[in-house]
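A.B. asks: I'd like to go over a predicted model; first the sequence, then the structure.
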Amino acid sequence: AQLLLETIVQGYLYLDINAYESKDLSRVPNRLPSSIARPFVGISEILGMKPVISYASITLANVRLAKGKEDAEFIAENLEVLMPRIYFENSDKEGYDWFFKVTAEIEASFARAITSIGFVCYEHNRSELYVEEALTAIINTCEMAQQSIKVQRL
């Protein structure tokens, strides 16, 4: 429900995409209608979340491993989009789906480095061995992500 409501809110805010491209922000809504805002705020409160439209929820939470591939590697080819693009008649559905799949794959592969980066930044005084292991993990993660990017031809 939260993902669906966030998608609706995002759709409402970006309804006139040309306003953003032309930087005419007077055409951008500065508040949501109550028919959208109330359910969005309500479900957010139930979940203990702030009612925020975020990259993580709109992009990363919009994919999962496809049926029959639940045990497969988390790569674009094995993912399916939860909230498909159905609201434009002549939409580029394949490009839309691929954006979410590739973004999720890249984010997931870079995520492995996050704890190592934090360790190097905040725990670097523990021992040289730990720092070396963390830096090696960061390098390995970046190399894997780079391979993923090459495969996707980005």
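C.D. replies: Perfect, thanks for sending it.

A.B. asks: Tell me which stretches of the protein form strands.
C.D. replies: 63-65, 79-81 (DSSP state E).

A.B. asks: Need those in a markdown table (columns: mean pLDDT and distance to residue 2).
C.D. replies: Every C-beta, even on glycine, is put in place using the N, C-alpha and C of the backbone. Below are these laid out as a markdown table (pLDDT from 0 to 100; distance: least, C-beta to C-beta, whole Å):
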| stretch | mean pLDDT | distance to residue 2 |
| --- | --- | --- |
| strand 63-65 | 90 | 15 |
| strand 79-81 | 90 | 16 |
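
A.B. asks: I'd like these as TSV, with mean neighbour count and distance to residue 144 appended.
C.D. replies: Converted to TSV, the strands of the chain look like this (neighbours: other C-beta atoms under 10 Å; distance: least, C-beta to C-beta, whole Å):
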stretch	mean neighbour count	distance to residue 144
strand 63-65	18	18
strand 79-81	19	17
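
A.B. asks: Distance to residue 27 for the ones you listed - can I get that in TSV?
C.D. replies: Listed next are the strands of the chain as TSV, based on distance: least, C-beta to C-beta, whole Å:
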stretch	distance to residue 27
strand 63-65	31
strand 79-81	29
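
A.B. asks: Now for residue 93, how many residues are close by?
C.D. replies: 13 (other C-beta atoms under 10 Å).

A.B. asks: meant to ask about residue 62
C.D. replies: With other C-beta under 10 Å as criterion, residue 62 counts 23.

A.B. asks: Make sure it is actually in contact with residue 79.
C.D. replies: No - Residue 62 lies out of contact with residue 79 (C-beta atoms under 8 Å); the separation is 9.6 Å.

A.B. asks: what domains does the record give for the protein?
C.D. replies: Taking automatic domain parsing as the domain assignment, the ranges for the chain are 1-58, 63-109, 112-154.

A.B. asks: Please tell me the pLDDT value assigned to residue 154.
C.D. replies: What the model reports as pLDDT for residue 154 is 52.

A.B. asks: again with residue 113
C.D. replies: On the pLDDT scale, residue 113 gets 82.

A.B. asks: Test my guess that it contacts residue 137.
C.D. replies: Yes - contact status for residue 113 versus residue 137: in contact at 6.5 Å, counting by C-beta under 8 Å.

A.B. asks: Please list all residues in contact with residue 3.
C.D. replies: Neighbour list for residue 3: 57-58, 61-62, 82-83 [criterion: C-beta atoms under 8 Å, 6 or more residues apart in numbering].
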